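Asker: Whatever this is, show me its structure:
(2 chains)
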Amino acid sequence: MSPLLPSSSRSGGGRRLAWIGLVTGCWLACLTPPVSAALSWDTVAIDRTAELGASSEEFAFHFRNTGSAPLTITSVQTSCGCTSAALAKQVYAPGEGGELKVTYRFGGQVGAQEKVVSVTTNDSPDHPTLLVLRVKIPEIFSVSPRLLWWSVGEVRAEKQAAIAINPALQAAVTLLPPDEPGIDARLVARPGEHGYVLFIQPASTKETRRARVDLRIEPAGLPAQIITVYVLVR
Amino acid sequence: MSSSVRCGSGPLLRRAAVQAAVLLLAAVVPALLTGWLHPRRPPLPGAAGSIREITVADAQALPGGRPVIWADARDNQAFARQHIPGAVHLSEAEWEQGLAGLVAVWRPGTPVVVYCASHSCDTSRAVASRLKRELALPDVFVLKGGWEEWLRRQK
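Answerer: Numbering: from 1, shown residues only, chains lettered A, B, ... in the order given. Purely as a prediction, here's the structure:
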């Protein structure tokens, strides 16, 4: 007799079948995603690659009230201030469909990004649906580091920041004058490396100083952007 | 008689062990799948670009009494409602503006502690990673438990 299953007059083969059925049932229960009683989504995850130079991306999540009673979407929450979600209305009749529009403003984010929108309905207030949007945002350029600093009294050695341009783009980079006097800045192209180096040196490190050095980056066919490198003596 | 008991217990124990192993497997495999596929999987300790977590108590008692710069990664409205005294607003939506504000108060050797709404939000980690990448600051932390934990500690 099995110590874990109730004894019965079934044969060993029958018990084995029951055991396999039990395990399979547990598996199916584990693998079946939680389903809302009434709200059915066409998809709960969207993957996309943004166009080079895009500043935002829009997503549409379609749904339908498959229940027999009116359904109210009580809450839509986004995981980040850079993401906003809009619904045409909150109450949907049985059989009625709708669309949740989500706008993700990149705000300078690059690389693989994932944002989550949590949707709660009156039929399952404790189990919100999580909608996931994944976007690969190509980087047009990078400046690293964007903060160059010296301690007060430190030797005023020249420091540098690297500017890398996306190899798929041609871009003109212009150094704008620092906003404070006493900062020497020069921009040097890196031959064959599709980038530049910004060299900065304060005229003195005897007292505290704060300045901004702006770079104007004009990628071909895309709007120009200004990026700031901060200079501190502290 | 005792020998017959010993003979009978062997297969029972073996079967129990097999059943326990099957049950364990049936639990572990879905757990691993869930951990892998979950859209809001929490980061593993030491992962995610080596951004370290710090508790409210530890942030307020750094060696040498060093102060920290609090960086609030929540949205505008939440920051405007209430924030940690002296915190700068640094959200990804208004990054450049926030960055200028942070640089204005930063001093060499001052750690930056980024927080978002609660334990379950992930924006503080994203902001901290970006801060570290763009400014190359040596000491950037994420506040464990976020704003909720800060509030709880004030009571």
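Asker: after the longest helix seen in chain B, next one along is what?
Answerer: Secondary structure of chain B read by DSSP state H shows that its longest helix is helix B:2-37. Downstream of helix B:2-37, the next assigned helix or strand under DSSP states H and E is strand B:52-54.
Asker: Low-confidence bits of chain B, can you list those?
Answerer: Applying pLDDT under 70 to chain B picks out residues B:1-8, B:38-49.
Asker: So which bits of it are right by chain A?
Answerer: When proximity is defined as C-beta under 8 Å from any C-beta of the partner chain, chain B approaches chain A at B:12, B:15-16, B:19, B:22-23, B:26, B:30, B:33, B:39-40, B:74-76, B:91-96, B:99-100, B:103-104, B:106-108, B:121-123, B:126, B:130, B:133-137. (Each C-beta comes from the backbone N, C-alpha and C, glycine too.)
Asker: is it true that A:Thr121 touches A:Leu71?
Answerer: Yes. Using C-beta atoms under 8 Å, A:Thr121 is in contact with A:Leu71, at 5.7 Å.
Asker: Now list whatever residues contact both of those two.
Answerer: A:Ala38, A:Leu39 (C-beta atoms under 8 Å, 6 or more residues apart in numbering or on different chains).
Asker: Excluding sequence neighbours, find me the nearest residue to residue 90.
Answerer: Let's take chain A. A:Ile73 (5.1 Å; C-beta to C-beta, 6 or more residues apart in numbering or on different chains).
Asker: wrong one, chain B
Answerer: Sequence neighbours aside, B:Gly98 is the residue nearest to B:Leu90 in space, at 3.6 Å (criterion: C-beta to C-beta, 6+ apart).
Asker: which residues sit against the helix or strand that neighbour falls within?
Answerer: For B:Gly98, the element it lies in under DSSP H and E is helix B:95-105. Contacts of helix B:95-105 with the rest of the structure, by C-beta under 8 Å, 6+ apart, involve A:107-108, A:146-147, A:210, A:212, A:228, A:230, A:232, B:69, B:71, B:88-91, B:112, B:130-131, B:134-135.
Asker: Report the buried members of the residues you listed.
Answerer: Those of the contacts of helix B:95-105 that meet the buried threshold are A:107-108, A:146-147, A:210, A:228, A:230, A:232, B:69, B:71, B:88-91, B:112, B:130-131, B:134-135, by 16 or more other C-beta atoms under 10 Å in any protein chain shown.
Asker: Any residues of chain A in contact with chain B? List them.
Answerer: Contact residues, chain A versus chain B (C-beta under 8 Å from any C-beta): A:1-4, A:19, A:23, A:26-27, A:30-31, A:45, A:79-82, A:105, A:107-109, A:114, A:116, A:130, A:132, A:143-147, A:149, A:151, A:210, A:212, A:228, A:230, A:232, A:234.
Asker: repeat that with 6 Å
Answerer: Within chain A, the positions near chain B by C-beta under 6 Å from any C-beta of the partner chain are A:3-4, A:23, A:26, A:30, A:80-82, A:107-109, A:116, A:130, A:132, A:145-147, A:151, A:230, A:234.
Asker: Buried ones from those residues, can you make that a ChimeraX selection?
Answerer: Per 16+ other C-beta under 10 Å, the buried members of the residues of chain A next to chain B correspond to this ChimeraX selection:
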select /A:80,81,82,107,108,109,116,132,145,146,147,230,234
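Asker: list the buried ones in the helix or strand hosting B:Trp147?
Answerer: Secondary structure from DSSP H and E places B:Trp147 in helix B:146-154. Judged by neighbour count using 16+ other C-beta under 10 Å, the buried positions of helix B:146-154 are B:Gly146, B:Trp147, B:Glu149, B:Trp150.
Asker: Run through the neighbouring helices and strands of that helix.
Answerer: helix B:56-60 (3 or more C-beta pairs under 6 Å, 6 or more residues apart in numbering or on different chains; DSSP states H and E).
Asker: hmm, try it at 10 Å
Answerer: Counting contacts by 3 or more C-beta pairs under 10 Å, 6 or more residues apart in numbering or on different chains; DSSP states H and E, helix B:146-154 packs against helix B:56-60, strand B:69-72, strand B:112-115, helix B:123-135.
Asker: so which of these gets nearest A:Glu218?
Answerer: helix B:123-135 (20.9 Å; C-beta to C-beta).
Asker: Give the partner strands of the helix or strand following that closest one in its sheet and their orientations.
Answerer: Per DSSP H and E, the first helix or strand lying C-terminal to helix B:123-135 is strand B:140-143. Under the criterion DSSP bridges, strand B:140-143 sits next to strand B:52-54 (parallel), strand B:112-115 (parallel) in its sheet.
Asker: and among these, the most buried is which?
Answerer: Compared across the strands paired with strand B:140-143, strand B:112-115 shows the largest average neighbour count, a mean of 27 (mean count of other C-beta atoms under 10 Å in any protein chain shown).
Asker: Spatially central, which residue of chain A would that be?
Answerer: A:Gln113 (2.8 Å; C-alpha atoms, centre = their mean).
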